[in-house]
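Take this sequence and fold it.
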Amino acid sequence: MLILIVLGVIAAVLVIAALWIAGIYNALVGLRNRFKNAFAQIEVQLKRRYDLIPNLVETAKGYMKHESSTLEAVIKARNIAAAAASAVATNPADANAMKGLLSAEAGLGGALSRLMVVSEQYPDLKANQNMMQLTEELTSTENKVGFARQAYNDAVMAYNTAREIFPNVVFAGMFGFLPAELFKIEDPTERNAPKVSFN
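Residues are numbered from 1 along each chain as shown. Next up is the predicted model:
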């Protein structure tokens, strides 16, 4: 009789421990899915921006015939950034892919800034209705990227905190919950969105 009570207590403790570990696992899965979804929102806005850039370059091309290297640099930077965003989209938790995206985005931001500086020298281009509309859409998209990045970083922070606290930290590594990388800008000069105003 005593053996049955001891076995019953041990079984109850094991069931409670299993449910507790399952709860930790499920909470981490939920938080991981939340930050992956948050990155998907960034990806939507980045794709929108990547789709706008060729139209912007095509519009500028008609006016900026002597600036082909600047236009080509923008398209090249856009293609690199789009490829990097696709790499991150497959696994937003991959720190190396995220660092590649951050680097590609910095390159794209620099190329767009150079395009905007050069385009200031072409008054007819500044007055072009299509160019004004594209730059307005690009500015709006930059703002949406900023908001989506903030939501992503908040979700990553919640996930990383949950996986680092005790006792979750004991099980996070066993279950393959690796730390997620923030979508941050390292260079303080790049913290501002590229200025795309033609005033």
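
Quick check: which ranges of the chain have low pLDDT?
By pLDDT under 70, the low-scoring segments of the chain are 186-199.

redo that, cut-off 80
62-67, 126-127, 185-199 (pLDDT under 80).

Show me what whichever helix in it runs longest packs onto, helices and strands only.
Ordering each helix of the chain by length in residues (DSSP state H) puts helix 2-61 first. Identification of packing neighbours for helix 2-61 by 3 or more Cβ pairs under 8 Å, 6 or more residues apart in numbering; DSSP states H and E yields helix 68-90, helix 95-119, helix 129-164, helix 168-172. From N, CA and C alone the C-beta is placed, and that goes for glycine too.

That helix to helix 129-164, inter-axis angle?
Orientation of helix 2-61 against helix 129-164 (axes from the mean of the first three to the mean of the last three Cα atoms, to 10 degrees) gives an angle of 160 degrees.

Now do helix 2-61: distance to the chain's middle.
On the basis of Cα atoms, centre = their mean, to the nearest Å, the separation between the geometric centre of helix 2-61 and that of its chain is 16 Å.

right, so of the helices and strands packed on helix 2-61, which gets closest to Arg48?
helix 129-164 (5.1 Å; Cβ to Cβ).

next one: that closest one to chain centre, how far?
8 Å.

between it and helix 95-119, how many degrees?
Using the same axes, to 10 degrees: helix 129-164 against helix 95-119 is 160 degrees.

Could you give me the buried positions within helix 129-164?
Judged by neighbour count using 16 or more other Cβ atoms under 10 Å, the buried positions of helix 129-164 are 131-132, 134-135, 137-138, 141-142, 144-145, 148-149, 151-153, 155-156, 158-160, 162-163.

same check, this time on stretch 30-48
Within stretch 30-48, the residues scored as buried using 16+ other Cβ under 10 Å are Leu31, Arg32, Arg34, Phe35, Lys36, Ala38, Phe39, Gln41, Ile42, Glu43, Gln45, Leu46.

Now the second one: closest residue in space that isn't a chain neighbour?
The shortest distance from Arg32 to any residue that is not its chain neighbour, by Cβ to Cβ, 6 or more residues apart in numbering, is 5.9 Å, and that residue is Tyr159.

Could you report the distance from that neighbour to Ala97?
Distance, Tyr159 to Ala97, using Cβ to Cβ, to the nearest Å: 17 Å.

now swap in Leu182 and tell me
Leu182 sits 13 Å away from Ala97, going by Cβ to Cβ.
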